[in-house]
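S.K.: Give me a model of this one.
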Amino acid sequence: MYNKFVAQKLGNHLPDDLAFSILFKLPLKSLKRYGCLHKSWALLLENSNFMELFRNNFISNQHSYYDDTSLLLCLDQPYKSSLFSLSGRSFQNMEKVNWPKGHCSGYFTLGSSSINGFLCLYPYELGTMYLWNPSSGEFKIIPLSPIEYIPDSMDPQFNYVGFGYDCARDDYKVIRQLYLFPSFHTEDTRYYEEWDIHGPWEIYSLRSNSWRKPKSDIYIYPRCEELDKFYLEGMCHWLGNWRESYDEPEKTYLVSFDLSNDEWFITPLPPVDIPLEIYSNFDIDLRNCHLFLLNGSIALISNYYDTTTFCISILAEIGKKETWTKLVTLGPLLYLPRPIGIGNMRNILFRTTDGKLAWLDLRTHLVEKLDVNAHGIICQLIVYKENLFPTIGINS
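M.R.: Numbering: from 1, shown residues only. Got it, this is the predicted structure:
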């Protein structure tokens with residue numbers, strides 16, 4: 001099939017209905033690739049019947065990513081954050097999980113899943129970072145980086161964007177960006193010109209137990225959202241914003257970082273493809289975007305501000321905007337303004353307008369409201385896979 005001449009010859013003799021029944025079972029990346037070999041195959045993504053079959057197959061066939069996993073829920077509560085282990089579709093049993101060393105007030109998890117059983121915990125403001133295995137109790141206190149020693153005239157803030165595993169070096173890594181703001185406690189401006197507000201990037205390596213600066217000329221700054229970040233197949237992914245000029249709206253991009261070779265990728269986002277005739281009085285340039293991992297694929301859930309109809313698109317290849325493919329349109333969802341996370345192959349967790357949680361089934365579009373309060377600013381759903389084996393460099 002990699003020989004174009006042979007592929008075209010086979011395609012000319014392959015009945016359309018047989019090709020149809022084979023192609024809708026392919027991964028999106030393969031489907032996009034084979035669409036370049038035969039014109040009728042390329043048009044299948046515009047065929048509503050084909051896309052219905054493709055969507056149902058994509059949603060129904062569970063990816064190995066979800067094998068032997070459970071769910072954790074991190075809730076922002078007054079003056080602290082709490083972690084819960086969940087069981088039952090309706091979260092009938094929520095068991096509180098103690099942070100390492102008893103309790104860490106104001107901590108959250110970096111990313112939407114564990115990596116080989118480990119979570120990366122980071123503070124809401126400045127403070128100690130941890131690598132932690134809840135199953136075995138192992139934890140590692142991540143040391144301060146040299147760049148954290150900054151002039152008294154500046155206040156630091158870190159934007160944590162990625163935690164992942166470098167399989168080439170058998171190493172766990174954390175990536176973040178430093179922000180510097182003039183301090184409110186001093187009028188000394190001598191150092192202002194020496195420090196860019198959007199400071200350098202830093203990568204922590206567990207193997208070397210140290211921080212370093214990766215090479216970067218990236219100009220897209222990560223969003224402050226606690227969601228929209230995950231690790232997949234050697235890369236960390238997150239959303240970032242950039243404004244060409246002050247009189248133009250910000251644009252959002254997918255940013256991907258390869259942990260093995262420090263390579264950056266930027267992917268423009270697709271348009272929000274929803275029927276606009278059902279809405280009025282909203283700005284088409286203003287959009288909400290949320291990044292999730294859906295059944296092993298990068299997925300974007302988008303809607304316009306002040307609208308409650310969502311578009312879900314999946315990406316076949318990073319760096320290529322044209323490989324975004326619309327999967328489904330949901331809504332209007334009148335009391336589900338914000339997606340929180342994806343628990344398995346077809347269920348999306350939303351926060352409701354009254355501060356509760358609710359599941360939405362992608363296959364049936366049915367909503368199941370849960371008796372769980374999530375009134376805080378931050379609510380994280382984490383896919384967790386247990387790992388009881390000890391890891392070099394982690395202390396228990």
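
S.K.: which stretches of the stretch 201-350 of the chain form strands?
M.R.: Assigned by DSSP state E, counting those that start in this stretch, the stretch 201-350 of the chain shows strands spanning 210-212, 221-222, 229-232, 235-242, 251-258, 263-268, 287-294, 297-304, 310-315, 324-330, 338-342, 347-351.

S.K.: For the helix or strand hosting Leu53, which outside residues touch it?
M.R.: Secondary structure from DSSP states H and E places Leu53 in helix 48-60. Helix 48-60 is contacted by residues 20, 23-25, 28, 31, 44-45, 295, 297, 314, 327-328, 345-346, 362-363 when judged by C-beta atoms under 8 Å, 6 or more residues apart in numbering. The C-beta positions use only the backbone N, C-alpha and C, and glycine is treated the same way.

S.K.: Now, of those residues, which are buried?
M.R.: 20, 23-24, 28, 31, 44-45, 295, 297, 314, 327-328, 345-346, 362 (16 or more other C-beta atoms under 10 Å).

S.K.: so of the residues you listed, which ones are in helices?
M.R.: 20, 23, 28, 31 (DSSP state H).

S.K.: Can you add distance to His290 and pLDDT and give these back as JSON lines?
M.R.: Shown next, in JSON lines, are those (distance: C-beta to C-beta, whole Å; pLDDT from 0 to 100):
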{"residue": "Phe20", "distance to His290": "33", "pLDDT": "75"}
{"residue": "Leu23", "distance to His290": "29", "pLDDT": "83"}
{"residue": "Leu28", "distance to His290": "19", "pLDDT": "84"}
{"residue": "Leu31", "distance to His290": "24", "pLDDT": "80"}
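
S.K.: Show me which of those is closest to Pro271.
M.R.: Minimum distance to Pro271 across those is 18.0 Å, recorded for Leu28 (C-beta to C-beta).

S.K.: Now the closest one. Nearest residue, chain neighbours left out?
M.R.: Ala316 (4.4 Å; C-beta to C-beta, 6 or more residues apart in numbering).

S.K.: separation between that neighbour and Pro271?
M.R.: 17 Å (C-beta to C-beta, to the nearest Å).

S.K.: Quick check: the residue nearest to Leu28 touching Lys32?
M.R.: Yes - counting by C-beta atoms under 8 Å, Ala316 touches Lys32, with 4.8 Å between them.

S.K.: about what we covered before: and of the ones in helices among the buried ones among the contacts of helix 48-60, the nearest to Pro339?
M.R.: Once C-beta to C-beta is applied, the member of those that ends up nearest Pro339 is Leu28, at 20.6 Å.

S.K.: center of this protein - which residue?
M.R.: In the chain, the residue lying closest to the centroid (C-alpha atoms, centre = their mean) is Lys229, at 3.2 Å.

S.K.: re the thing from before, and the helix holding Leu53, C-alpha only, in CSV?
M.R.: The C-alpha trace of helix 48-60 is given here as CSV (Å, rounded to 0.1, in the frame of the first residue of the first chain):
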residue,chain,number,x,y,z
SER,A,48,-21.7,11.9,7.1
ASN,A,49,-22.5,8.1,7.0
PHE,A,50,-18.8,7.3,7.1
MET,A,51,-18.0,9.8,9.9
GLU,A,52,-20.8,8.3,12.0
LEU,A,53,-19.2,4.8,11.6
PHE,A,54,-15.8,6.2,12.3
ARG,A,55,-16.9,8.1,15.4
ASN,A,56,-18.8,5.2,16.9
ASN,A,57,-15.8,2.9,16.3
PHE,A,58,-13.4,5.5,17.8
ILE,A,59,-15.5,6.0,20.9
SER,A,60,-16.4,2.3,21.4
